[in-house]
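Asker: My questions concern the predicted model and sequence given below.
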Amino acid sequence: MDHKAYIAERLHAEGVGKEEIYASLAVPPDPALGDYALPCFKFAKLFRKSPVLIAEELASRYETDEVVSSVSAVNGYLNFKIDRKGLARDVIGQALGRGCAYGASDMGAGKTVCIDYSSVNIAKPFHIGHLSTTVLGGALCRIFDFLGYRAVGINHLGDYGTQFGKLICAYKHWGNREEVEKGGIHAVNDLYVRFNSEATEEMEAEAREYFRLIESGDKEATELFEWFKSLTLSYVEKIYSRLHVKFDSYLGESFYIDKIPAVVEELKAKGLLTESQGAQVVALDEFGMPPFIVLRSDGASLYATRDLAAAFYRKRTYDFDKCLYVVAYQQNLHFQQLFKVIGLMGEPWAKDLVHVAYGMVSLEDGAMSTRKGKVVWLEDVLTRCVEKAKRILTEKNPDLENKDEVAEKVGVGAVIFGALYNNKIKDIVFSYDKALNFDGETSVYVQYTCARAASVLERAAAAGAKAEYADVEPNAQEFELLKAVASFPDAVKSAAENYEPSVIARFAVDTAQKFNKFYIECKIMQAETDQLRAFRLALTKASLTVLTNALTLLGIGVPEKM
RNA sequence: GCGCCGUUAGCUCAAUUGGAUAGAGCGUUGGUCUACGGAACCAAAGGCUAGGGAUUCGAGUUCCUUACGGCGCACCA
């Protein structure tokens, strides 16, 4: 139940709309004051009375019931207390009734959200810098899907550009099939790195020629390129499946090449295209931005041009209500320009394009650099985290059967969680110390909490004890936990509205903390009465449900034992 | 130089979008077990929310300004 809506509906203040009351309702800093509060200061002018008086009058007029058990006025705040039993019945009913759908809604029914994320480059291995876009985008897909939207995950492959001419050139000079088959994508990357440091003028020219050959569909060049592409895709697929992300489309930049002329024509027809220093551009100086280059002076397209064509293609193909670009803030200007150009073209959906910007990853000794070999490969991070998880697991729980499976969930989960726990805009300095830390506010803590809850429920099942709502007055720990469980649907909504999965990660830790307090303070199986035991078991089950749903939305597995 | 973003406890970060006494984790110090799982729990210490101004009944949150840091600024992606 939405308590704020309930209160807003029943609180009558002349001249003040329900929506305004709903929006103004806040949560008091101390639960002893109440569960919701309406600050009355802003109504003082309207009523020409002191906020203290307004709060008192509203309090005296509000009729309490089985949902809102008491109302009080304190220093200009109107404080509401939710009936504990009523909340317990409602929350436990919802969580146990809906199970893995608890927190879901149909608010997005009939709407489509395109989410452009991860966007790997062909022939480049996955490094730690690619983690954010991948797990953020993956989480956003699941969150929007959970809210009833059709979420379309798009991997806008970096599969076009002169670098592939260089790669083929390097391969022809220094590579061979056997080595690449054996070394996989890293061997391919090594060739590319070598080209960048050793290539002669002649090789550069050769590389340009190879790129031209790819474009013109030359058999050998195309086959080589397709080979590198399939190597890359099978490599990233493994990582994607470990991170639990999926894509509905792998249409990359090369797909849009033949769609560019039409877009250029349209720009021309709308009088937006001008020539500047030999290039075709859209001038944006009146908006305080540098020009948007559509075609280079040699007539070739750019990344930006392909993005422009891709936006139109997506609008036509999916008729999205929103199209998100999960790309680092480095590209702020690029997206501002792109969106502005689409707006200037008169497309009303320009407003539906959103750059979901996130912070940059660097290493402790500075920025990453593939050329200098200063890179942290994601697979290495995953491997080390899973290894550590297994070591701890073996030590703490030697009899556990499926150690590898559990270690995978714990280790990979820690990596995902680490990337999703803070506000996405924050820069990250990667360190193995931090990545391998499983203490404190981590997914491991949440998973451990789940395992504890699952363990109690298992004992209960073995003893034939029921987990169901019972008519008891929740104590302080139980009530705090209930409120946390009840706030999950709001957390999911807020995560979607702000494109911020960290809201859900924070929710998970907060709720786990409250469950642990409850667990320590309240005997569950040894509760004083059967009724109380049933109630606490139900609360335990409800907690496990929300925590599982929260972690699942983030792409993190929940082991039953660990 | 211009633009965007950031700055909160020793460290890493929250703060329900302008509300009451700014909260967590790590680290430090001191506690809690003959146990429904100690990967836990409790407590203490730690803050002029980078500095200054403004708006407001009320500002970590909005505006202006300064400092520091990151990113970007024409044919790379």
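Answerer: Received it, and whenever you're ready, just let me know what you need. Numbers count the residues shown, from 1 in each chain, chains lettered A, B, ... in the order given.
Asker: Only C-alpha atoms from now on, for both contacts and neighbour counts.
Answerer: OK.
Asker: And residue A:188, what's its pLDDT?
Answerer: Looking at residue A:188, its pLDDT stands at 94.
Asker: what's the answer for residue A:550, then?
Answerer: 98.
Asker: got it, and residue A:23?
Answerer: Note on residue A:23: pLDDT of 89.
Asker: C-terminal to the worst-scoring helix or strand of chain A on mean pLDDT, what's the next element?
Answerer: Least confident helix or strand of chain A, by mean pLDDT, DSSP states H and E, is helix A:44-47 with a mean of 86. On the C-terminal side of helix A:44-47, the closest following helix or strand by DSSP states H and E is helix A:51-61.
Asker: so does the helix or strand containing residue A:240 get close to RNA strand B?
Answerer: According to DSSP H and E, residue A:240 maps onto helix A:219-243. No - Helix A:219-243 lies out of reach of RNA strand B by Cα under 7 Å from any atom of the strand, never closer than 14.4 Å.
Asker: anything in the following helix or strand past that helix sitting right up against RNA strand B?
Answerer: Moving toward the C-terminus from helix A:219-243, the first helix or strand encountered (DSSP H and E) is helix A:260-269. No - Helix A:260-269 does not reach RNA strand B (Cα under 7 Å from any atom of the strand); its nearest approach is 13.6 Å.
Asker: distance of the nearest residue in space to residue A:224 that is not next to it in sequence from residue A:514?
Answerer: Distances taken as Cα to Cα, 6 or more residues apart in numbering put residue A:168 closest to residue A:224, at 7.1 Å, once the chain neighbours are dropped. Residue A:168 is 57 Å from residue A:514, where distance means Cα to Cα, to the nearest Å.
Asker: roughly how far apart are residue A:43 and residue A:532?
Answerer: Relative to residue A:532, and taking Cα to Cα, residue A:43 is found at 44 Å.
Asker: Which of those two has more residues huddled nearby?
Answerer: residue A:532 (23 against 17; other Cα atoms under 10 Å).
Asker: got a list of what the more buried one touches?
Answerer: Taking Cα atoms under 8 Å, 6 or more residues apart in numbering, we find residue A:532 in contact with A:470, A:472.
Asker: One more: residue A:70?
Answerer: Contacts of residue A:70 were listed using Cα under 8 Å, 6+ apart, and they are A:64, A:80, A:81, A:82, A:83.
Asker: Kindly reformat those as CSV containing distance to RNA strand B.
Answerer: CSV is the format used below for the contacts of residue A:70 (distance: Cα to the nearest atom of the strand, whole Å):
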residue, distance to RNA strand B
A:64, 17
A:80, 8
A:81, 10
A:82, 13
A:83, 17
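Asker: Which of these fall within strands?
Answerer: A:80, A:81, A:82 (DSSP state E).
Asker: Name the nearest residue to the last one, sequence neighbours excluded.
Answerer: Excluding the flanking residues, the one nearest residue A:82 by Cα to Cα, 6+ apart is residue A:68, at 4.5 Å.
Asker: residues in contact with the one you found?
Answerer: Residues near residue A:68 by Cα under 8 Å, 6+ apart: A:7, A:80, A:81, A:82, A:83.
Asker: Now do the same for the first one: its pLDDT.
Answerer: The predicted structure scores residue A:7 at 93 on the pLDDT scale.
Asker: Now name the helix or strand holding it.
Answerer: helix A:3-10.
Asker: Now do that helix: which elements does it pack against?
Answerer: helix A:18-24 (3 or more Cα pairs under 8 Å, 6 or more residues apart in numbering; DSSP states H and E).
Asker: in the helix it packs on, what's buried?
Answerer: Neighbour-count burial for helix A:18-24, counted by 16 or more other Cα atoms under 10 Å, picks out A:18, A:21, A:22, A:24.
Asker: got it, and stretch A:20-40?
Answerer: Per 16+ other Cα under 10 Å, stretch A:20-40 contains these buried residues: A:21-22, A:24-25, A:28, A:33-40.
Asker: ditto for stretch A:79-91
Answerer: Quick answer for stretch A:79-91 (16+ other Cα under 10 Å): A:79-91.
Asker: before we move on, the earlier item: got the contact list for the helix holding residue A:240?
Answerer: Against helix A:219-243 from outside (Cα under 8 Å, 6+ apart): A:122-126, A:135, A:159, A:164, A:168, A:184-185, A:188, A:210, A:213-214, A:246, A:379, A:412, A:416, A:555-556.
Asker: Which positions in that helix come out as buried?
Answerer: Applying a neighbour-count criterion of 16+ other Cα under 10 Å, one finds A:221-222, A:224-225, A:228-229, A:231-233, A:235-236, A:239-240, A:242-243 buried in helix A:219-243.
Asker: and what of stretch A:272-288?
Answerer: Of the residues in stretch A:272-288, A:272, A:273, A:274, A:279, A:280, A:281, A:282, A:283, A:284 count as buried by neighbour count, 16+ other Cα under 10 Å.
Asker: What is the most widely separated pair among the residues you listed?
Answerer: A:279 and A:284 (14.5 Å; Cα to Cα).
Asker: and the helix holding residue A:7, is it in reach of RNA strand B?
Answerer: No - using Cα under 7 Å from any atom of the strand, helix A:3-10 never reaches RNA strand B; the gap is at least 10.4 Å.
Asker: got a list of contacts for that helix?
Answerer: By Cα under 8 Å, 6+ apart, helix A:3-10 touches A:18, A:19, A:21, A:22, A:25, A:36, A:62, A:68.
Asker: So which bits of that helix are buried?
Answerer: A:3, A:4, A:5, A:7, A:8.
Asker: swap in stretch A:432-441?
Answerer: Within stretch A:432-441, the residues that qualify as buried by neighbour count (16+ other Cα under 10 Å) are A:435, A:436, A:437, A:438, A:441.
Asker: Please verify my assumption that the second one contacts residue A:388.
Answerer: Read that as residue A:436. Yes - contact status for residue A:436 versus residue A:388: in contact at 7.4 Å, counting by Cα atoms under 8 Å.
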